[in-house]
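>>> quick one, what's the 3D model for this:
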Amino acid sequence: MHVSHVSLTDFRSWSALELELGPGSTALVGANGQGKTNLVEALGYVATLGSHRVAADLPLVRAGAERAVVRARVERDGRPTLVELEINPGKANRARVNKNPVPRAREVLGILRTVLFAPEDLSLVRGDPSERRGFLDDLLVSSAPRYAGVRSDYDRVLKQRNALLKTAFLARRSGGGDMRTLDVWDAHLARCGAELLGARLSLVQALRPRVATAYRAVALGAEGSRGTTELDYKCSLGEALPDDSFDRDLLAAALLSELARLRPQEVERGVSLVGPHRDDLVLGLSGLPVKGYASHGESWSFALALRLASYELLRADGGEPVLVLDDVFAELDVGRRDRLAELVGGAEQVLVTAAVAADVPEALAGSRYDVHEGQVTRVR
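Below you'll find the predicted structure:
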């Protein structure tokens with residue numbers, strides 16, 4: 001899989017851009033603020049319908065414009081597919097595939113798959129649990145686009161249930177309240193939550209050996225590096241998690257039971273205390289938590305290992321993803337820089353952004369474009 005053409009209209013800083021790309025390594029070189037990251041962010045949006053930098057669509061539209069349009073021609077097994085996305089902040093986004101409208105924008109998910117390495121990846125290790133939950137869910141959607149619907153359904157049910165919990169709290173204070181509606185939403189949350197939870201648990205199991213292998217490869221020989229990685233899923237069910245944690249029916253029953261047990265506390269606080277939204281991916285290194293104990297270099301190696309493991313997982317189930325390395329080499333020491341370049345150099349397509357050409361390792365020396373003042377110029 002590779003992207004052969006990208007077109008932008010009023011996306012971020014780009015009023016208009018037409019760029020031909022090919023397989024192999026491509027470097028986009030230019031000073032900060034010239035639009036390199038905006039360009040690869042657009043490709044990430046085609047792949048995920050989201051940005052790795054902001055949570056809302058509004059910042060993606062160039063100042064003064066009403067909408068942004070991103071087009072990408074994706075080549076897979078010799079067959080081109082044109083994906084077009086119209087980003088309309090505050091309204092429904094529109095999508096077309098090969099010039100034909102699709103009912104929902106998320107119908108394009110799976111046509112392009114990307115794995116992004118970026119400076120923000122350090123938050124996977126050092127950030128809040130929401131960062132790691134987002135990492136798992138994004139990877140789930142990349143591997144099986146139907147999980148975009150599961151994720152959306154769960155978020156919708158959770159929002160509605162939390163609103164009802166707050167209403168129930170006020171009703172109890174006034175001596176009334178009908179809890180039967182809450183029972184219905186408990187069942188919805190248990191059903192959607194079990195689907196998402198089971199998928200996450202399976203994903204963590206698949207990632208565990210791949211992260212261990214990737215960490216050893218990235219950190220090999222680095223001074224002071226410890227070598228044993230651990231990935232554990234911390235579930236809000238705690239000891240109530242069934243022994244067969246991959247059985248969706250058992251998971252739904254366990255969630256429903258915990259919701260009933262904790263309802264008084266939930267009504268008192270007005271929030272749902274059980275479900276995938278309360279979970280975390282716990283990262284360990286040689287028996288210690290990565291967060292708070294790992295050095296800067298070890299933290300970077302672990303973050304890179306998570307991305308490399310994601311790449312290997314997606315490649316294993318068909319359709320090698322496009323690798324995007326957004327200004328990541330400037331953050332790494334020479335040893336980790338060279339090892340990462342060697343590990344990804346054989347990918348079908350690698351897109352690299354860098355402030356200076358010297359930051360691009362020789363192993364990724366391929367096509368090069370200079371990005372300056374709204375222009376992209378091919379150098380080689």
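>>> OK, contacts around residue 210?
By C-beta atoms under 8 Å, 6 or more residues apart in numbering, the contact list for residue 210 reads 308-309, 312-313. Where you see a C-beta, it was placed from the backbone N, CA and C, and this is true even at glycine.
>>> just the residues you listed: which are in helices?
Judged by DSSP state H, the subset of these located in helices is 308-309, 312-313.
>>> going by neighbour count, list what's buried in stretch 189-208.
Buried positions in stretch 189-208, judged by neighbour count with 16 or more other C-beta atoms under 10 Å: 189-201, 203-204, 206-207.
>>> just the strands from the stretch 151-300 of the chain, written as ranges.
229-234, 280-285, 288-289 (DSSP state E, counting those that start in this stretch).
>>> from memory residue 94 sits against residue 103, does it?
No. Assessed by C-beta atoms under 8 Å, residue 94 is found out of contact with residue 103, at 10.3 Å.
>>> these two: who's more crowded?
Between residue 94 and residue 103, residue 94 has the larger neighbour count (other C-beta atoms under 10 Å), namely 16 against 7.
>>> tell me which element the residue lying closest to that one once chain neighbours are set aside is part of?
Sequence neighbours aside, residue 86 is the residue nearest to residue 94 in space, at 4.2 Å (criterion: C-beta to C-beta, 6 or more residues apart in numbering). Using DSSP states H and E, residue 86 sits in strand 79-87.
>>> sheet-wise, list the partners of that strand with their directions.
strand 68-76 (antiparallel), strand 94-97 (antiparallel) (DSSP bridges).
>>> let's have those strands in TSV, adding mean pLDDT and distance to residue 157.
Listed next are the strands paired with strand 79-87 as TSV, based on pLDDT from 0 to 100; distance: least, C-beta to C-beta, whole Å:
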stretch	mean pLDDT	distance to residue 157
strand 68-76	96	30
strand 94-97	96	25
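>>> deepest-packed of those, please.
Of all the strands paired with strand 79-87, strand 68-76 has the most neighbours on average by mean count of other C-beta atoms under 10 Å, namely a mean of 20.
>>> chain center to that one, what's the gap?
Between the centre of strand 68-76 and the centre of its chain there are 19 Å (C-alpha atoms, centre = their mean, to the nearest Å).
>>> CA-only coordinates of it in PDB, if you can.
Taking Å, rounded to 0.1, in the frame of the first residue of the first chain, the C-alpha atoms of strand 68-76 are listed here in PDB:
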ATOM      1  CA  ALA A  68     -11.200  21.900   3.800                       C
ATOM      2  CA  VAL A  69     -10.800  19.200   1.300                       C
ATOM      3  CA  VAL A  70      -8.300  16.400   1.400                       C
ATOM      4  CA  ARG A  71      -7.800  13.900  -1.500                       C
ATOM      5  CA  ALA A  72      -5.500  10.900  -1.600                       C
ATOM      6  CA  ARG A  73      -5.000   8.300  -4.300                       C
ATOM      7  CA  VAL A  74      -4.100   5.100  -2.600                       C
ATOM      8  CA  GLU A  75      -2.400   2.200  -4.500                       C
ATOM      9  CA  ARG A  76      -3.000  -1.300  -3.300                       C
END
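>>> please consider this matter closed, and thank you.
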